[in-house]
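S.K.: Pasting a predicted model and its sequence here:
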Amino acid sequence: MTGGILTPWRSAIATGVVALALGAGTAVGVAVPGPAAPTPSLAWIAKPLSPVVARAAPKASGKVVWRIPVLGRFARDSTKLLVTRVTVRKGVRWAEVLLPKRPNGSRGWVLQDRMELTSTPIRVRIDVGDRRLSVFRNDRRIMKVPVAVGQTGTPTPTGRWFAIAETLPGVPGAFLGTYILPITGFSETLNEFAGGDGRVAIHGTTLPALIGTRASHGCVRMYNSDVTRLAHLALPGTPLAITP
């Protein structure tokens, strides 16, 4: 399935074959100082210092909703999660993070002292209707480029709490282009494909003529030069809004 839904990566990237659906500067994380909170223009990114559980509520007795690994699923780099809010309960600081699991928008609470927190002024927005991707730094747009999105029957999922999950180098000359950025969102119409779980990605392409159209099974395709720039701007954990 080329151009749409993610499948397991490690052996696929090594051989240059990945099964998916057919159809300005480098960002640097800054350590979060003091007991502040994330804002719409300055997002927090959380990296687990050790395996940790995410709970349904900010308390030790909260139901476990996900076990957060230290390493990411695809690139095997450190897991990075977007912090959506923070709170203090009985003197203990908790951070709510967006989880890369179904249903889209799933969140969980983790002990803040089990996470290394950094901040980023970068955020990404994809307008499916206009088929445009924009990057903002400190609320100022620094990039706006055309993209290809999902076909009508397999649309790119929309939502305001997706995030860039990882950054994978592509295979030169392969369909997915120079970079692949899995996101925390999943297809709303495909539960699985070719062994994958329906995870959506932003990636390059060898079919540039389809940029600006509805061409994929859910993934967002970019010109290779544009996705290379995006990969250097948006760290894993960077907030991503996908609007209709």
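M.R.: Alright, I've got the coordinates.

S.K.: For the rest of this, base every contact and every neighbour count on C-alpha atoms.
M.R.: Noted.

S.K.: Let me see the mean pLDDT of stretch 56-75.
M.R.: Average pLDDT, stretch 56-75: 91.

S.K.: can you give me the offset of it from its chain's centre?
M.R.: 17 Å (CA atoms, centre = their mean, to the nearest Å).

S.K.: gap between the closest residue to residue 173 other than its chain neighbours and residue 200?
M.R.: Nearest non-adjacent residue to residue 173, counting by CA to CA, 6 or more residues apart in numbering: residue 206, 7.1 Å away. Applying CA to CA, to the nearest Å, the value for residue 206 to residue 200 is 18 Å.

S.K.: higher neighbour count, the two?
M.R.: Legend: neighbour count by other CA atoms under 10 Å for residue 206 and residue 200, higher for residue 200 (26 against 17).

S.K.: Give the partner strands of the helix or strand encompassing that one in its sheet and their orientations.
M.R.: Under the criterion of DSSP states H and E, residue 200 resides in strand 199-203. Applying DSSP bridges to the sheet, strand 199-203 is found paired with strand 5-6 (antiparallel), strand 179-186 (antiparallel), strand 220-221 (parallel).

S.K.: Let me have the ones you listed in CSV, extended by mean pLDDT.
M.R.: CSV is the format used below for the strands paired with strand 199-203 (pLDDT from 0 to 100):
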stretch, mean pLDDT
strand 5-6, 48
strand 179-186, 94
strand 220-221, 97
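
S.K.: For beta bridges, what are the partners of residue 214?
M.R.: Residues in a beta bridge with residue 214, per DSSP bridges, are residue 149.

S.K.: That one touches residue 153, doesn't it?
M.R.: No - Residue 214 is beyond contact range of residue 153, at 10.0 Å (criterion: CA atoms under 8 Å).

S.K.: Look at those two and report which has more neighbours.
M.R.: residue 214 (23 against 11).

S.K.: quick one: contacts for that one?
M.R.: 148, 149, 150, 151, 152 (CA atoms under 8 Å, 6 or more residues apart in numbering).

S.K.: helix/strand/coil for residue 175?
M.R.: When classified by DSSP: H, G, I helix; E, B strand; the rest coil, residue 175 comes out as coil.

S.K.: Am I right that residue 100 is in contact with residue 185?
M.R.: Yes - the criterion here is CA under 8 Å, and residue 100 meets it with residue 185 at 6.9 Å.
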